Every structure is written in structure tokens, then in C-alpha cells.
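Participant: Build me a model from this:
(chains A and B)
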Amino acid sequence: MKNIFKYLLTSLTLLSLASCTDDFEKINTNPYGISEESLTQMNNNVGNEFGPMFLNVFNVTPAWNYQLQQGLIGDVYSGYMTPPTPFAGNVNNMTYALVDGWNGFPWSDAYGYVMPQALNVKNAVELGGDPNGIKFVYLANIIKVTAMHRVSDIYGPIRYTKFNDFSTTGEYDSQEVAYTAFFEELKTAIDGLEAFEEDVQFVPFDMSSLAGDIAKWRQFANSLRLRLAMRVSKINPTLAKTQGELALASNAGLMTSSNMVINTGFPHPISVISGSWGDIRMGAVMESILTGYNDDRIKAYFNPSADASLAGDYKGIRMGIAIDAKVQYLDHSSIGSVIDGETLTWMTAAEVNFLKAEASLRGWAGAGIAKDNYEAGVAASFAQHSVSGVEAYLADTTSTPANFVDALNAVNDIAYPSTVKKAYNSSGTNEEQLEQIITQKWIAMFPDGQEAWSEFRRTGYPRIYPVVVNNSGGKISTTTQIRRINFVENEINTNAANVLTAVGYLNGPDTGGTRLWWDTGLSNF
Amino acid sequence: MKQNLRTLFLFSFLLLTAQIIVAQQKEIKGTVTSKGSGIPIPGVNVSVSGTTIGAQTDFDGNYNLTAKVGDVLNFSYLGMTSVKITVGSSNIINVVMEEDAEQLNEVVVTALGIKKERKTLTYSAQDVKGEDLARVKQTNPINSLSGKSAGLTITRSSSGVGGATKVVLRGNSSTSNNDPLYVIDGVPMLNSGNGQNGETPGTNVFGSQTGNRDGGDITSLINPDDVESMTVLKGASAAALYGSQGANGVILITTKSGKNGVVKVNFNSTLTLDNVMSLPELQTEYQSPSVGGAIAENGRVTDPKSWGVKASGLSNTVDDFFKTGTTATQAISLSAGNKVAQTYFSFANTSATGVMPENRLNRNVLNLRETASFLNDKIQVSANISLSDQRIWNRPGNGLYSNPLTGLYLNPVGIDLNTYKDKFEYFNTATNMMDQYATSFDENIQQNPYWLINRNQSKDIAQRVLASVSVKYQITDDFSLQSRGSFDKSFFTYDKKLYAGSDLTFVPETGRYILEKTENTQQYLDLIANYNKNLSEDFDFNLTLGTSLTKYSIGDQILMDSGPEGLRFPNVFTIANFESSNGIAQTVSNREVQSVFGAVNIGYKGMFYLDITGRTDWSSTLVNTNSSSFFYPSVGLTNVLSETIELPEAVSFAKVRMSYAEVGKDIPAFATVPLRTIGTTNSGGTIGSANQATFAPRDGETLEPEKQKSFEIGTEWRFLGNRLGIDLTYYSSNTENQIFFIAAQPNIEGYTQNIVNAGEISNKGIELVLNGKPIVNDNFKWDMALNFASNENKVVSVHPSLENGEAILTAPGVNGYGYSLVEGEDFGSIRGRSILRNENGLPIVSDDGSGSLTIEATGFETISHAQPDFTLGLSNTFDYKNFSLNFLIDGKFGGDVVSITEAINDFYGVSQASADARNTNGGMIEVITTTGTSAQMTAKDYYTKIGGRAGLLGEYVYDATNISLRELSLGYTFPNPGEFFESVKLSLIANNLFFIYKDAPFDPNIASSTGIGLQGVDIYGQPSTRSVGLNINVNF
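Facilitator: Numbering: from 1, shown residues only, chains lettered A, B, ... in the order given. Below you'll find the model as predicted:
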């Protein structure tokens, strides 16, 4: 009997020593996952990374993600649109009670689907060893700058130049450092891509209307450089002029007659938010300007109100008003055919022309005549939306934006505080000319509210109506309006020390009332 | 490992050929019978004291062995008083054994199915016998444990018939899973349901797009009539032999089996009627401003809220909506057997209709168990197969979306819901099809309840096959070898058809179809050697060594969701009609665990018992970590005081026990091999791209198994011939290396979450079980049992990287509700905001100058913990002649719960509270401004600011204390049932009869989820039900 124990113990000991756990690695591997090795097939280790980037500069799906990334920040603060929905009891972004649970999405989209992907491209190219692979790095960086300047224009300081190294990835750059890096990366890409203009390797991965044409990508990057140069024109006129003139002189050219459009394969998220959900409607400023100007683009941008009592008029909602129930304003003008189709626009030819117009005004070499650029911008926008009558429009010296009359509540009525006209007035002051340029650029850039809000903050144009209900608890001034979004809750939770440093880069407290680096609050000239 | 198992099998068969040679002196034979009945007793151990010689009686109670004159033969059998007889001249020694009153029924089934005498246990184990479970039948047998065992908390899901049950033993100790292990007849059972149960933390309290749903669990597929008894092993010591699976305690279920020489047919029929109770209080005094206004073609009214004028003659139709549910169960069982083979067969059908319209259940469970003995009972074989099929139509969910209760409660007061009942759809000429007719789609939560019930229908199918075989070979009298294997597989189908016309936020204009097919599989194989020996007259020795292999494939799912792209042809619900394949995905979680374990029990003179166990698990999930295996030891010691020292006569039995154990849990499957997956509509990430895994371990960290160290000490006393019994336990456990999913540190891969080992949760508590028989005489008997348990539960630490010591399980996001683990607080802190008040309790408001007042609120802070401070169960049984009356009072004391339902009802002005406020003080609420000036705000302003889904939920916290009459039964056994029947018993039964005390506006024993999160919060869950019925039990 003693022996039985011995044998049993021995065999059990053997069992424990020699247990065959060899296939544990296999068992513990998700059979539906994709390994990095298999991803190298057909160069997907590089190509696959572009997909998320293309679909997250503007998040395309699910629509609620777009809604939180753009729809309830730039799209409303730009005066473009307003939800009829009193989200969270009407205590929300619109009434300046910034909802932290919403406002983290511009950040998480960028740091989940753009920054890591651009790094993956870089790493895969370096690992691959093919010197021609560098073009993918340049292209990824162009998209990265497209995405990240928008993020920086929301929060200010971002994690950027030190992102690629794990030990420093949590550290923030001041907005100035980030912008300097944007310019540097754009320059490197524009210059570096020149040698690849005939290369077709990007064709299968390009989801944009540029269809893998490297020459066109250089043109887009150069146009982006002009946009960013203009953004810093007040805080650092020298840097702005240098970068602007680089763009104007570059052999890459500028995107003055074509648009940068992404073929997403998904309905435009605004069509879901406006159409299916009924959660976004025309903004009051849009109504004032487009109806005051008798601007036919209104037919592309919006649908007449469905409310019988509004007799089919185009009717907008002022942002930041008291709303009890969604039904009250639900039947105001929804968003029109501009968001039909499975595409999303990153940059328009019209914008580039308006950028050139302002460059002329600021005396940058190579910009041409302001009036010509202004009129080319309006014409490009009319063409983009297949609207006729641009000559008559540009000749109109009388129309001014209309005053806003709320359909339900006179408390929200407000006069448009300017008589800015459509026909370009070359003899006006620089400020007057700038108001014309930015107002038209604002119309043309619809529905990219993020850019429109940034330009409003930089220039003060067009005249966006202040909120009626301010729930910010004194953090955001009704008159100077919202200037930024406070840092992301999740970052504060996981990266507190670095966020604290970043707050130090700001001109004030970490609130929506503090101006960004390029937002000087001083005069435009 | 498989190879090794095979070797071990082979080895054991070799052992069989070994001969055990014993010197022959004199052959002694005899029969052992039971006193009273005179029936032979099989399986009695007969041993010669001081030697290794021994034998066991066969089925006819016969034994034979060799001994010499003067030897002492020791006859022992569990539950019988041992008999010692000295061998004399006779070669035949017949023995009559007597049932031991002290030990009667005190044989308990312990880990791995090992039967032990209760007095030898070094830890707390509580039996619940079949008759106690069956008295008031529940469709899920686990629900019958409520109030019957100290330290066991049962929370039912709010999804009504067929819903899952959350069982927690001795408090929550883990961040990943607190479900106990269920073991049926010695074989661990897979209790993974289809969703919710064991779901990862962070589930959206407000409901996913199609509503929070309960996927059910497996215990609800067990036929309650098949259960012979359940044993609750609460502490880690008791469960240590189950290793990682038993870390949360074990519930052992012993099922019925056939008996030798008995043919028995039992028929049991139960019919109960269920009605809702604990409905929210809704007002009928103030109508919606919509009343009298235009109603659009699609049914829309002008204002969906009810903040209009006071009017008379209003009513609400909530009562019309709920129906009387019925639950009918017919169960038949047949058992028969002879010496060699015994059969038990049962079939049960449950057919139920819920209290919500269109909610139905149909369940069939078939069970066949064969037991057989060969080679003079040396080989015992048991085989069992169980098949279950359950179909539930329109299982109620909770949450805000696709839930008829939101539209029902929020219906604008004064707008007749019956109009919307009779006409829940209208013909939309624009689309040429039927469309929803509803008062409003306000906030996407207010649809027509009747539309949802008829046009958002779902079907849940759960099917299960459990096959198990056990072979036991008694190689010698002392040594046995046993092997068990089981194959446990369940199949789930979830089918949901959402018609075009539903809220466009969730359902595209062509409709939406979701079809899920899920399989859960567990394969289990073990081999256990047992050596049992009286080493000397004083020392008993028992050694168990074993090994097991378990393979899991859980949540092997194919999910097909037409998603936001919708269907090509509206309302044609087939996957061929999907507009896009973006919502099609596969998932699975695989795991394999290999184990070796051993246990030594040493008994000394019936006074001291020492238990030592050890187990090592190798788990596949530990790949890429520093530990490939983990070891769990346990040690326990018992002293039977009544055998050791002289005690007063009144003390019939006394013992003290203590034990220490370490158990653990492996880590989630695939966690250490983060792979990219292709994004789909439901998985997040970029659709169609190979997305980075969403979570990974932190940089430079590896994962370790979770580890729980626990200590318990207890004592058991019985007085006055067992008329009074006390069992008291104190325990303390610390769970370390908890698995947490936390927000990711800044990283370059794009991970959004880190999976980390961190945190420590401690549980301390006292359990007291009191049993009494105050009156026992020929005609009248009174039995009572009291269960008391208190548990103190603390989060000692969370991951050091987390700010403010807070691990967020559910972030508030846009809502007013959060759920976190916070250092220094109880497990599960419900987070919300509250009104800032001055020293007199007046709400502080700020005035922006225009007279518009804003209520000042705190930030997110802990507003409640749901867990009770202590629980109490009191059961009384009175037997008078042929009548038997039983009632069970169940109480939970302490803890606070939160009602989001009330917050939203207030916001919409439909709650009674909102009407009361309008009736008081001219409808004005007294407030004070930040500058100290008294002010007033209207009830409407007040409630629309504090109520709602994003409201100040700190104002909606209620004491969870509740005492209820949980069970009541009155039975009558017919004295002379006639020749044909053996016995007939008729009982009137009631369950959940009423609350003796309750503060919360809902039943706090009902949970929004049986998963880890969402505890203590009601969000439009189905109200709990009271059931009253009749049970008839006939034996043939």
C-alpha cells in the first residue's frame, strides 16, 4: 500500500512538471484576430493604417461619434447649426455647460485612430527598409497635420512632438511648438514627395478624391500650409508671412480649383444626425446671412422648414437658448443635399481662394489681388454646389444679413450687428475687407464648423450671435463667447502631471473662456 | 497533459492486478441491518481495530473478513452510531445499527463531491434540503435559496420569468466576476449565460440601443424537482479544492437518483398567478399642456411633458398595461432500480406568461440518470444526461431605449394611452407602409409602449445539453479511484426584429434585424484517487489526489446586425436583406485549465480533525506572464469540544473550527496577446480596418492571477438533544491583484484601456445560523431557522496610477450616473451629483441677474453603496397533524439604492412627487441664492433641473432596507389517499407576498444587471412580481 502512494505521488509530481501546456499560446490567441505578420501581405501593414486616418480626421461612423467630435463643438460654435434637442435638460455645450463626457471625442479619435496609425506607417516603412516607402510617411504626416491642427484648435496644447516615444508620449507641446512642428512636417512632405509624383503605390490606399495622385497630395499639403500660416497671422506675423509665402511660391501649387473630398463609404454623419435623429438644424446666423444675402446656396445647405406655420421658410435656431422639448424647434430647417452621398469634404477650393484673398490683404508676396481671389472663392463655392448666378451675386451692393426672428420666442430675437455686403469693396478698410472675406469663406466652408469656429475666434467674423442662456457658471463670457474646450477628463485621470504642465501653457485657467495661443483678442491688423 | 492523464489511467489499472495478501486466521461473516426497519445496510465499513484489515457490506448488508478471536470489529457508517464488537467463538456476527440522532442527515457533500461528516468540517457549509427548496417553487431553483443561507445574497434580474439571478457569497470580492461556481453531482457546471452574466464592467446603465437585456443563465434551466439538496460552501477554504473556479464560493447541487428496490412515480403540478408590485407613484392631477391641442397624423402631441394645469378626472393607465402573469409547471419523475442498476427519469414543462404583454416562456427539461454497480459493487458507474430547451418571447429589458416602460410611465397625463394602445400604428401614405403612432419621441426614450411590444419583438432561445459520466473503482477497501467527465454545452439564439417606424436613433427607416447565435462549451475530465484508512484506533487518515482538465469555449458567437445601414426591403427580417455587412462579426473566448490537487484529512479520536489541501492550476490565459501556474493551499483544524472535554448535559454537541486558504483566479482570455481585429458596427474601431486591440497590459507590467487570502473561525453548538443549534462564523478575506480595466496611460499604440493587476478588496463578516425546535410533540411541531449575516466590504486600494484612488467602472459620460471603486469606500460606489444646500437644508441657487435661477450642485461624488450592512432570514414551519404552514421573512438592512426612474419621471412631471410639490406652497420651492437672499422657484423649474437622466441623482437615493414576507405556504397531506396513490399533498403557495418595510420606490432586491456593474440602481426595470398559487404533489 505504501508503494501505491509512492507511485501516485511520483506520477502526480511528474504530471505537474511535465504538464503539456505547449498549445496554451495558441488557445490564448483570439482566432478572429489579425497578426502583424499576416498584415504585411499586400503591404497592408502600411496601407491599412490609412483607413482609420481617412475616417477619423472627421469621424465618419457611428454618427454619434461625429456628433461629439464636431457636431456639438465646432458645428454649433461656428453658428452653422444648432440642435433642437435640449440634451441633458438643456444644460450642455450649447448653453456653455461644457459636457466633459462629450468633449473627449476629438481627443480620443485623434489619439486612437490618427496618431498611432501615422507612427505605425513610419515604423513599418523603417522596418521594411525600402527607401521608396518614405512617401507613405510623408502622406501619413499630411493627414496627421490635417487632423491634429483641428485638435489643437479645440484644446490648445496637445501631445505631438514627443508622441512617438513611449517614455515621453504623455508630454504636451504648447500650441506654438505644435504649430511649428506642423509647418516643418508639411514642408518636409511637400519637398520630399516631389520625387514621387509619378509613383502609383498609394493608389490602392487613397480614399480621397486625389486618387493616389502624389502631385495633388502635394497641392493639398501646400494649401493646408497656407491655412495654418493664416491661423498664426496675428500671434506671429513673421512666421505666418514666411510660411504663407512658402506656400504661395511652392511649385506644388495651391488647390484653387478642386476640392479635397474623402470617399468614406458611409452616409455623411450629419445626414444621420439631421435626417434620422432630428438632432441638428440650421443655425440662426446661417439664416440671417443666407436669407439676407438671398444666397441660393441655402437650397443646397438646408431644407425648408417642415413646420406648416413657418410656411416653408428657411428657419434657423439660435444657439444657447432655452428649449423645453425637442418638438418645439424640431421642424425648423434640416440640413440639405450638401451632405448627400457617401463623401466628406476636408478642404474646398473656395477656402484656398479666400486664404489667398486675406494673404493679399496682409501683403504676402505672390498672393495676387484680394478682390480677384475673393470673387474666385465665391465662384468656386457656387460651382461646388452647382448654383448659378454668381456674377449677379457678386454685383449686389445692397443686401445685408437679415435680423434674426425666433419663430417661437421673441426673447431670442437679435439684430445682425453688421451691414457687411456681398460685392467686394476694395476701397474699404482692411478690417471691412477682411469681414467680407471671412464672411464669404464662412458660407463656403459649410459644413466644416471646426474651421469656421477657428476663423471666427481668430478674426471675429462673421458676427456670431451670443448665447441667451449661459450655464458656464461664469467661466465663459457671453460677449467674448467660447474660446476653447477644457482638457479631456480621461487625460486628467491618467496623465495628470503632464496636463498640469499643459495648463501652464495656456493664457489662463483650463476653461472654455481662455483664449488659445493664436487667438490674441487684439485687432486683426 | 492528456498524455499524462492516459498514463495515470493505465497506471491505475496496473494497480488492480496487485494482490493484497493477508494472513488467514478465521473467516467471519455477517449481515448488518438497520434497527427498526430491519433493512440490510450496504456499504458499511467493517474494520479490525489496530490492523489494516477491513471490508464493506454488499447490497444485502453482508460482509466477510478474517480476524482472530479477541479482535475488535469496528462497524461504521455515516449517519449511524458506530458499533464495536469483540470477536468471540462464533464465525457469524450480525449487527444491528442505529441511526445516530446526532449525526443524522449530517453528512455533507464537500468539494469534488467528497462526502464528509459535518462534524469534521473545518469551515462553514450550509445545507439546504430539497423539501425546503421545493416548498415554494421558483422557476429558477437558485432563487429558492433566498433567505435560507447566511451570507448568501440573491438578486434577481428585472427581466421577469426566465431571468438570470445574481448570487454573491460573503460580499463582492472581485472586480471581474463574483459569481459562485455551481457543481452538479461533483462536476463543475458552466454558468455562462448569453450576455449580462459575467459581462465586462462598464455596461451602459441607460441601455444599449436595443435596451439592456438579460441573456439568462444556466441555473434557470435546471428543473427544481430534480434537486435533492444544495450545499453552500461559502469560504475559500471550503472551495479551495476547486481552485480558480471556486474563488467566489461554490454551490453544490445534488440531484436525485434512482434507488434500489423502489419504484416511484412523482407528479408535481404548480400554477401561480403573478402580479406587479412596487410600481412607481404617478400623478393624476396635472395634465400635459398637450391636452386639448392638436394631435398630428402620426399621433404626436405638442408637449410630451406633464407640466400643465391642474385638472380633474385624470387617470393613468399603467395598471391597464400590466397583466396577470401565469406560471404553470408540470413535472413528472420516475425512479426505479434493482441491486445492479437504478434509473431516475424526469421531465418538466414550464409555461408562463409575463406581466408584460407579449412576454411568454416555454421551457422543457428532461433528465435521465443511470447508476449501476458491477463486480460486487466494486465498480460504480453513474451516467447522466440532461436536455433543456427554453424559449422566451419578448423578455423585458431595462434602460431607456426600446423599453415600453419609459413610454408607459412618461405618457403625457391627460392623453389617453388607450387611444395609442388600439392604434399603435397608422398608414403612412408617404412610405406606403405602417408607421409608429406615438405621442412623442422625446429624448429618444418616449415611444409608444404598444408599438414597442408589437413591433420590437424579440425571441431568446436557450438550449443546453449536459452529459456526464462517473466511474468509481473501489480497488481495495481503503483505496478507490474515480474518474468523471462531462460535456456541457449550451446554445443561445437571440433574435430581434425592429420594425421601420421605431425611433430613428436606433432603427433605420427600413427597420433593423439582429440575430445572434452563441455557443458555450465546457469539457471537463478528472481523475481522483482516494485512500481512506484508520491508521490506528486513534488516527483516521484520508488522502485524495487528483488531476483535472477543463476546456472552455465561451461566447462563441456569430452576431449579425443590420445596423444603421438598415434593410434593403423594409421589414423583411432575414440576413440576406442586410444593406451592409458592417454589423457581422464573430467572437469567442477560449481557455484551458489543467490542474493537480490533493487533500489530506487526519482525524484524531473523533476529537480533532486536520484538513490540508493544495491545488495548482495551469491556465492558458497566463501565457506571456511571469507565472504559468498558480498554487492554492488551504489548512483547517476542527476540535469537537463535546468529545474532548466534559460539558454540561444540556450541550449535545460543540465544536470550534478555523481555517485559512488562498485561492485565486486566472486572467481574462486573450488579454496578454493583444491582436488587431477588424472593426465592425458593434465592436467600435474603424469599420473594415484592422484595428488595434482596445486594451493591453500597461507598459512594463505583466499580469498575475488574482489572489484571495481568507481566514475563518467558527463554532457550532447544539443543545438539549438538538432542539437548539447555533453556528457562528467570523471570516475575513483579502483579495489582491484584482483585474481592473482602467483608462489607458498615454500610449503610442492607441489602446484606450489598460488591463492591470491592482487593488485590494477586503471582506469581513459574521454569519450566524440558529436552528430551533421550540415545540415538538405528536401532533404539533414548530421548526424555526434564523440566518444572519453581516459583511463589511472595503476597497483597500486601486491602481496607483489612478487619480483620487478611483477606478471608474462606468463613467458618467453625458448622464448623471457613475459607478466606481473608490479607495477606502465600500465596494461599488454609485457616483452622482447632489444639490448644494445651506445649513438649513435650502437649495442654493445662483441668479444670473435676469431672474433665471440655476441650482448649485456638487461635483460627481459617492452618493450611495447598495450593499446591505446585514441580512436576516427567518423561517418558521408549523406542522399540525396533516397541515404544514411555512413562512419565510427575508430582510436586508442598510445600503442605499438610486432610482433613475424617479429622476426621469420627475423631469417629465408625471411623478406623484412632482404633483405634491405643485400642491404645496403654491407650487413654489424655497431656495436661497449664493448671496444669501431667499428666493423661490417653481416646481417645474426645480424638477426639470434636478431630474432627468443627467439630473442630480444624489436627490434620488433611497434606503435599501427592506423586509418582506418572501415565502408562505400552507400544505395539506391527505391522510388516506387511496390505493392507487402513495401520497397526495396539496399546498397553497405564495412568493414575494408583501413588504413589511420598504423605503425605495422599487424593489431593491431586483437588479438592473446580474453582471458586475449597475448594482443598486433602477432604470425602468420591470417591477417585481407577487405570485400566489397552488401546488399539488402526487406520489404513486
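
Participant: Do a quick rundown of the helices in the stretch 801-950 of chain B.
Facilitator: B:900-907, B:912-919, B:939-946 (DSSP state H, counting those that start in this stretch).

Participant: Quickly, which of these bottoms out on average pLDDT?
Facilitator: Note on those: lowest mean pLDDT is at helix B:939-946, with a mean of 90.

Participant: what comes into contact with that helix?
Facilitator: A:89, A:91, A:324, B:307, B:835, B:843, B:853-855, B:903, B:906-907, B:909, B:913-914, B:917-918, B:923-925, B:927, B:951-952, B:955 (C-beta atoms under 8 Å, 6 or more residues apart in numbering or on different chains). Heads up, the C-betas are built off the backbone N, CA and C, glycines and all.

Participant: Which single residue of the stretch 901-1036 of chain B ends up nearest chain A?
Facilitator: residue B:950 (3.7 Å; C-beta to the nearest C-beta).

Participant: I'd like the distance between the closest residue to that residue other than its chain neighbours and residue B:358.
Facilitator: Closest residue to residue B:950 apart from its sequence neighbours, by C-beta to C-beta, 6 or more residues apart in numbering or on different chains: residue A:88 at 3.7 Å. Distance of residue A:88 to residue B:358, given as C-beta to C-beta, to the nearest Å: 33 Å.

Participant: more neighbours, those two?
Facilitator: With neighbours defined as other C-beta atoms under 10 Å in any protein chain shown, residue A:88 and residue B:358 compare such that residue A:88 has more, 22 against 17.

Participant: Phi, psi for residue A:282 please.
Facilitator: phi -60, psi 140 (degrees, to the nearest 10).

Participant: what's the burial count for it?
Facilitator: 26.

Participant: Quick check: bridge partners of it?
Facilitator: Here residue A:282 shows beta-bridge partners residue A:81, assigned using DSSP bridges.

Participant: That one against residue A:302, yeah?
Facilitator: Yes. Between residue A:282 and residue A:302 there is a contact under C-beta atoms under 8 Å: 4.8 Å.

Participant: what is in contact with those two at once?
Facilitator: Joint contacts of residue A:282 and residue A:302 (C-beta under 8 Å, 6+ apart) are A:314, A:333-335.

Participant: Nearest to chain B among those residues?
Facilitator: For the shared contacts of residue A:282 and residue A:302, the nearest to chain B is residue A:334 (12.4 Å; C-beta to the nearest C-beta).

Participant: Hmm, residue A:398 is touching residue A:421, no?
Facilitator: Yes. In this structure residue A:398 lies within contact range of residue A:421 using C-beta under 8 Å: 7.1 Å.

Participant: between the two, who's got more neighbours?
Facilitator: Each of residue A:398 and residue A:421 has its neighbours counted (other C-beta under 10 Å); residue A:421 has more, 19 against 8.

Participant: Can you tell me, leaving aside adjacent residues, what's nearest to the more buried one?
Facilitator: residue A:397 (5.8 Å).

Participant: Check which helix or strand that neighbour maps to.
Facilitator: For residue A:397, there is no host helix or strand (DSSP states H and E).

Participant: how many neighbours does it have?
Facilitator: Around residue A:397 there are 10 residues (other C-beta under 10 Å).

Participant: Need phi/psi at it.
Facilitator: phi -100, psi 0.

Participant: For it, give its distance to residue A:455.
Facilitator: Distance from residue A:397 to residue A:455, by C-beta to C-beta: 24 Å.

Participant: ok, now residue B:694?
Facilitator: Distance from residue B:694 to residue A:455, by C-beta to C-beta: 35 Å.

Participant: Which one's more surrounded, those two?
Facilitator: residue A:455 (26 against 17).

Participant: And the more buried one, which helix or strand is it part of?
Facilitator: helix A:449-459.

Participant: how far is the next helix or strand after that helix from where the chain is centred?
Facilitator: Using DSSP H and E, the helix or strand that follows helix A:449-459 in sequence is helix A:489-494. Centroid separation for helix A:489-494 versus its chain: 22 Å, with C-alpha atoms, centre = their mean, to the nearest Å.

Participant: Identify each buried residue in the helix or strand just after helix A:489-494, please.
Facilitator: Per DSSP H and E, helix A:489-494 leads on to helix A:496-505 as the next helix or strand towards the C-terminus. Neighbour-count burial for helix A:496-505, counted by 16 or more other C-beta atoms under 10 Å in any protein chain shown, picks out A:498-499, A:502-503, A:505.

Participant: Residues contacting the strand or helix carrying residue B:985, please?
Facilitator: Element membership of residue B:985 [criterion: DSSP H and E] is strand B:983-998. The contact list for strand B:983-998, computed with C-beta under 8 Å, 6+ apart, reads B:135-138, B:270, B:272, B:277-278, B:884, B:889, B:961-974, B:977, B:1003-1004, B:1024-1035.

Participant: Many thanks, have a good one.
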